[in-house]
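Undergrad: prediction below, plus the sequence it came from.
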2 protein chains.
Amino acid sequence: MIDSRTLRVALLGAGSVGSQVAKMLLENRRELAARAGADLELVGIAVRDVDAKRDVELPRELLTTDAESLIRGADIVIELMGGIEPARTYILDAVNSGADVVTGNKALLAAHGAELFAATEQVGAEISYEASVAAAIPILRPLRDSLAGDNITRVLAIVNGSTNFILDRMDRFGETMEEASKLAFEAGYLEADPTLDVEGYDAAQKVTILAGLAFHSQIDADRVHREGITSVTAEQIEAAQSAGYVIKLLAVAERLTTPEGELGISARVYPALVPREHPLATVYAENNAVFVDAEAAGPLMFYGAGAGGVQTASAILGDVVSAARRHVAGGPGLNGSNHAGLPLLPIDDVVTKYQINLRVEDRPGVLSEVAGIFADFGVSVQTVEQSIADEGDGLATLIIGTHRAREKALSAVVDALGEANVTDRIVSVLRVEGAQ
Amino acid sequence: MIDSRTLRVALLGAGSVGSQVAKMLLENRRELAARAGADLELVGIAVRDVDAKRDVELPRELLTTDAESLIRGADIVIELMGGIEPARTYILDAVNSGADVVTGNKALLAAHGAELFAATEQVGAEISYEASVAAAIPILRPLRDSLAGDNITRVLAIVNGSTNFILDRMDRFGETMEEASKLAFEAGYLEADPTLDVEGYDAAQKVTILAGLAFHSQIDADRVHREGITSVTAEQIEAAQSAGYVIKLLAVAERLTTPEGELGISARVYPALVPREHPLATVYAENNAVFVDAEAAGPLMFYGAGAGGVQTASAILGDVVSAARRHVAGGPGLNGSNHAGLPLLPIDDVVTKYQINLRVEDRPGVLSEVAGIFADFGVSVQTVEQSIADEGDGLATLIIGTHRAREKALSAVVDALGEANVTDRIVSVLRVEGAQ
C-alpha cells in the first residue's frame, strides 16, 4: 500500500498547535505514510525565533527563520502562524509554487477566503481548513462531501468555547459574568484581551466559513450581524431558566427568502434562548457543537472539543493526510465554493421567535396597551407572563413570547415599547433559536 | 464552474431509499451539477417489477428489469437492492466495467467488504457507503478523512434506531418491552421479523464497518460478540435509573492490547449501562449517534436520524456527488482500509466496568463471602449497595459495581457466584460504558 513517493511538508509556526503538529508528524510517520499512500517528510519549521522556549521540544535542525525558502521546496505547506500578514502572502506563495495548503487561520479565511480560493483554483491546488472551525470536530468536510447531495437550510453553532464556558457557569453554577470570566481566564480559555471572544468576532469569522460551505456562497465577515455576551445578566439567565431555556452564544447561518422574494443568506452571532430539550442545550463547559438542518437528512449535530493545541493538531493532520492522498491520486480538494453566490441578507430579514422582558406600570390597561403595540407592527404574541413579585415600586414584570416574526417588525415594536409611557424599562430582548 | 461532462448514473432498486434518490437526482439536477462539476444523468432504474406501486412516482421510461445492461453503460452505479445476491455480483460487474459504486448495503459490506474493496482497488474504482451506517449522519468520511491524522481509540455507537426507541420508551415512559415493541412496530421502526434489530445483528454489521475505517482493519462480522435487547427487563431499567445510568444497545469498537501483549480490536454489541451525564444518554427515540474517542481530538459525537428513506437518500447523494467529483478530477475514494490488519479479539479480552445485581440470603457473612468471590478472581469491587426492601423471602438484593476488569475474570466471578450457596439468583450482569 505504501507509495515509494515522499512528500515534503513545510510547517509555518510552532505555537501550541504547530508544535503538536510537528510532534505528531515525526512520531507517527510510519502510520501516516500507510494512510496517506506516501511518506510525509517534515522538511522544516519556520519560526520567528529559533531559540524561543516551546511546550514541545522540536529538532533544532528543522527550525528556520527563512519561511520563503522553506515554502519553495514544499509539496504541502501547513500555515499555523495566525493573523493576516505574512500568512496571506506565504499561502499565496505556496499555492503559486504548486503546493497544497493546510491552515487553521479563521481570521484570514474569513477576510480573504475568496481571494485564496480563487488563487488555488487557478493553479489546481488545494487549501484545506477543517481546523479553522470547532478545532477537531469534523464539520467542514461533512458539509462539503457528506452533505453534497442535500440542501442545508440552517446551521446553529456553538463555536466559541470561552463564551460557552462563561454562559454555562452562569447557568449551571449561578455564577456572575465576572466570576465566570475570571475562571475562564484562569483556565486559559480567555485571552488577556477577550474582545475577540466576548464580542463575538471569533464566532462571526467561523460562521462566515460555515456559511460558505453550507450555502456555496462567499460572504463578507464584516457584514455578519454580531452581538457579544457582555450584556447577558444573571437576571436574564434566571428568567431563561424559569421559561425552560438556556442562553447560548449562537452562530447562525440560514438560507432565507425575504418577503420581497430575494433568496439569500442570513449570518448572525448573538446570545439566544435555546430550549432545554434541544441537543445544543447540553453542550457544556468549553465544548463546541454544530447543529445542521438539511432538507433530506433532517437535524444533525457534531459535538466535541472546540479548541486546544492537540485537538486542533488532529484536524490539521486530517487535512494533511487528505492533501497527501490527493497528491498521490489527484482529485478535488476542500477549497471554497461560490457557485450559488447568494447575497448576505441584513439582520432585519431574519425571522425567528423573540422573548421580551419588560418592567411596566402595574395598573389595569397596561397589558392591553403593550399588546396593542405588538399588534400595530403585526407581531403576534404567543405567551404572556406577568410576574407576581411586587417590589414596592409600582412596577410589574411582563415576559412576552412572540410567534415567529421578522426582526424588522420586532425592532419597531421594541422602539415603540421604549417610548411608551407604561414602560419603565426594557430588561431584555432575546431571540429564541431551535424551538418549534 | 459546470463541466461540460455528463456522467451516466444507474440506480439499482427503487424501494423507499431508491425512489427518493431518483427523485432528488431528477429534481436537483442543476444544483447537483454545479456541486459535482459534471452533469449527473439518471440513465435508468433497475427494478424487479416495472409496474409495482411506489411511494414516489418515477418516470416510466427510466424503469427496466435489465440491470446488467444498465450497469454496462454507467459511470456511477447506485446499489440499493439490499441483500447479498444479486447485489454482490452487480457491484463487482460495475467495478469491473470501470464504474464507481455507491451503496448503503450494510449486510453485504459486513460480509463481503474485503472482497469488494480488493476488486475496486485493483481497477482503481471507488466504492462509497456512507449510508450503510447511521443513514444521513456523516460518520464514515469523517473517520476516513477528517480523523486521518489521529489515532482513534474507541467508538461507542447507537446505530440501531428501533432498539434505541424501545429502550428509550422503557426508560423515559416506564413502558414494558412488549408495550414499547408494539409502538415500534406501529411506527414502522421494527420489521415483521424483528430478529435483525432486537438480536443485535444489524448493529453488529454496522460496527464491523465502523471498525474497518476506524482501525484500518477488516474484521469478520460473524465473529463480533453480539447480545440483543430481549433479555432487558423493566427491573433492570429501574435499577439502572436509580444508579444514575440508562441502558442503551451499544455497538463498541475498541483498540485493545491483551495482557499477553497482542494488539487487536474488540468489536461487540450489547445492552450496556451509560452514565446519565454522557452525551449518548440523551440520544432519545429512534435517533442514532456515534461517539468517537481519538488520542488527539478527544471525544467527539455525531448525532442525527439513523434511518428513513429520505435521510438515507441524503447520504447516498453525498457519496454520488463525491464520486462524480472524483470522476472529474481523479483522486482517492472512500473504499476500505486494511493496512493495519489488526486481529479481532474475543470478548474475554475486553476491559470495562460491570454492575452485578444479585439476590442473596439475608444473613451476616454473606457480603464477605460474595466479596471473597470477586477477590478470588482479581476483580476489584468499587461500590456495593445492599437493598433494604424486605420481600419476606429471607433474601436481600446486592448491587455490586466493579472497577475496570477483564471480561474473562468477570465471567469466572459470575460463574462462581452462580454456584455459591448464598446466591439465590443473578438478576443481571451489565457492562458500564462511557464512565470514567
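TA: Looks like it came in fine. The model shown is predicted, which means the values in this text are computed figures rather than measured ones. Residues are numbered from 1 along each chain as shown, chains lettered A, B, ... in the order given.

Undergrad: what does the stretch 301-436 of chain A put close to chain B?
TA: The stretch 301-436 of chain A comes close to chain B at residues A:301-305, A:308, A:310-311, A:313-322, A:325-326, A:328-332, A:337, A:339-340, as judged by C-beta under 8 Å from any C-beta of the partner chain. Quick note: C-beta positions are derived from backbone N, CA and C, even for glycine.

Undergrad: next step: these restricted to strands.
TA: Residues of those located in strands (DSSP state E): A:301-305.

Undergrad: and those as CSV, adding neighbour count and pLDDT?
TA: Formatted as CSV, these follow (neighbours: other C-beta atoms under 10 Å in any protein chain shown; pLDDT from 0 to 100):
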residue, neighbour count, pLDDT
A:301, 22, 97
A:302, 25, 97
A:303, 25, 97
A:304, 27, 96
A:305, 23, 92
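
Undergrad: SS state for residue A:175?
TA: At residue A:175, secondary structure determined by DSSP: H, G, I helix; E, B strand; the rest coil is coil.

Undergrad: contacts only, for it.
TA: For residue A:175, the contact set (C-beta atoms under 8 Å, 6 or more residues apart in numbering or on different chains) comprises A:169, A:183.

Undergrad: go again using 10 Å as the cut-off
TA: Residues near residue A:175 by C-beta atoms under 10 Å, 6 or more residues apart in numbering or on different chains: A:166, A:168-169, A:181-183, A:234, A:237.

Undergrad: next one: it from chain B, what distance?
TA: Distance from residue A:175 to chain B, counting by C-beta to the nearest C-beta, to the nearest Å: 20 Å.

Undergrad: cool, and residue A:80?
TA: 14 Å.

Undergrad: what's the burial count for that residue?
TA: Neighbourhood size, residue A:80 [other C-beta atoms under 10 Å in any protein chain shown]: 27.

Undergrad: any bit of the helix or strand hosting residue A:40 sitting next to chain B?
TA: Assigned by DSSP states H and E, residue A:40 falls within strand A:39-46. Yes: shown here: strand A:39-46 in contact with chain B (C-beta under 10 Å from any C-beta of the partner chain) through residue A:40.

Undergrad: for that strand, packing partners?
TA: Applying 3 or more C-beta pairs under 10 Å, 6 or more residues apart in numbering or on different chains; DSSP states H and E, one finds that strand A:39-46 contacts strand A:6-12, helix A:16-27, helix A:29-36, strand A:63-64, helix A:67-72, strand A:76-79, helix A:309-329.

Undergrad: what's the angle between it and helix A:309-329?
TA: Interaxial angle of strand A:39-46 relative to helix A:309-329 (axes from the mean of the first three to the mean of the last three C-alpha atoms, to 10 degrees): 130 degrees.

Undergrad: got the contact list for residue A:394?
TA: By C-beta under 10 Å, 6+ apart, the contact set of residue A:394 is A:361-363, A:424.

Undergrad: where do the strands sit along the stretch 201-350 of chain A?
TA: With strands called from DSSP state E, counting those that start in this stretch, the stretch 201-350 of chain A shows them at A:225-226, A:245-257, A:263-275, A:287-294, A:298-305.

Undergrad: measure residue A:119 to residue A:127 for me?
TA: Separation of residue A:119 from residue A:127 (C-beta to C-beta, to the nearest Å) stands at 8 Å.

Undergrad: overlap in contacts of those two?
TA: Common neighbours of residue A:119 and residue A:127 (C-beta under 10 Å, 6+ apart) are A:91, A:94-95, A:101.

Undergrad: going by distance to residue A:408, which of the residues you listed wins?
TA: Relative to residue A:408, the closest of the shared contacts of residue A:119 and residue A:127 is residue A:91; by C-beta to C-beta it sits at 39.5 Å.

Undergrad: check which element follows the helix or strand where the closest one lies along the chain.
TA: Element membership for residue A:91 (DSSP H and E) is helix A:87-96. Following helix A:87-96 in sequence order, the next helix or strand is strand A:100-103 (DSSP H and E).

Undergrad: same question for that following strand, mean pLDDT?
TA: Mean pLDDT, strand A:100-103: 96.

Undergrad: can you list the strands that that strand pairs with?
TA: Applying DSSP bridges, strand A:100-103 is found paired with strand A:76-79 (parallel), strand A:127-128 (parallel).

Undergrad: tabulate these (a markdown table), appending mean neighbour count.
TA: Formatted as a markdown table, those follow (neighbours: other C-beta atoms under 10 Å in any protein chain shown):
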| stretch | mean neighbour count |
| --- | --- |
| strand A:76-79 | 29 |
| strand A:127-128 | 27 |
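
Undergrad: get me the contact residues on the stretch 1-150 of chain A for chain B.
TA: Listed as neighbours of chain B in the stretch 1-150 of chain A under the rule C-beta under 10 Å from any C-beta: A:1-2, A:20-21, A:23-25, A:28, A:31-37, A:40, A:102, A:121, A:124, A:128, A:130, A:134-150.

Undergrad: restricted to buried residues, select those residues in PyMOL.
TA: This is the PyMOL syntax for the buried subset of the residues of the stretch 1-150 of chain A next to chain B, where burial follows 16 or more other C-beta atoms under 10 Å in any protein chain shown:
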select buried, chain A and resi 20+21+23+24+25+28+32+33+34+35+36+37+40+102+121+128+130+134+135+136+137+138+139+140+141+142+143+144+145+146+147+148+149+150
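
Undergrad: on that earlier part again, any idea which of the helices and strands packed on strand A:39-46 is most buried?
TA: strand A:76-79 (a mean of 29; mean count of other C-beta atoms under 10 Å in any protein chain shown).

Undergrad: residue contacts, residue A:88?
TA: Neighbours of residue A:88 in contact, by C-beta under 10 Å, 6+ apart: A:79, A:105, A:108, A:111-112, A:115-116.

Undergrad: just the buried ones from the residues you listed?
TA: A:79, A:105, A:108, A:111-112, A:116.

Undergrad: may I see the residues you listed organised as JSON lines, with secondary structure added?
TA: Output for the buried ones among the contacts of residue A:88, formatted as JSON lines (three-state DSSP):
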{"residue": "A:79", "secondary structure": "strand"}
{"residue": "A:105", "secondary structure": "coil"}
{"residue": "A:108", "secondary structure": "helix"}
{"residue": "A:111", "secondary structure": "helix"}
{"residue": "A:112", "secondary structure": "helix"}
{"residue": "A:116", "secondary structure": "helix"}
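
Undergrad: any chance of these in TSV, with distance to residue B:173 too?
TA: Below are these laid out as TSV (distance: C-beta to C-beta, whole Å):
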residue	distance to residue B:173
A:79	53
A:105	49
A:108	51
A:111	51
A:112	53
A:116	52
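
Undergrad: export the contacts of residue A:88 to CSV and tack on distance to residue A:279?
TA: Below are the contacts of residue A:88 laid out as CSV (distance: C-beta to C-beta, whole Å):
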residue, distance to residue A:279
A:79, 33
A:105, 29
A:108, 31
A:111, 31
A:112, 33
A:115, 36
A:116, 33
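
Undergrad: any idea which of those is closest to chain B?
TA: Distances from chain B to the contacts of residue A:88, taken as C-beta to the nearest C-beta, are shortest for residue A:79 (15.9 Å).

Undergrad: surely the closest one meets residue A:100?
TA: No: assessed by C-beta atoms under 10 Å, residue A:79 is found out of contact with residue A:100, at 11.3 Å.

Undergrad: could you chop chain A up by domain?
TA: A:6-134+A:310-329, A:140-305, A:350-432 (automatic domain parsing).

Undergrad: ok, back up a step: how far away from the center of its chain is the strand holding residue A:40?
TA: 30 Å (C-alpha atoms, centre = their mean, to the nearest Å).

Undergrad: quick one: mean pLDDT over that strand.
TA: Averaging pLDDT along strand A:39-46 yields 97.

Undergrad: can I get that strand as CSV, trimmed to CA atoms?
TA: Taking C-alpha atoms only, strand A:39-46 is exported to CSV below (Å, rounded to 0.1, in the frame of the first residue of the first chain):
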residue,chain,number,x,y,z
ASP,A,39,5.8,9.3,3.1
LEU,A,40,5.3,12.7,4.8
GLU,A,41,8.7,14.2,5.5
LEU,A,42,8.7,17.3,7.7
VAL,A,43,11.4,19.4,5.9
GLY,A,44,11.3,22.4,8.1
ILE,A,45,9.5,24.6,10.6
ALA,A,46,9.6,28.4,10.1
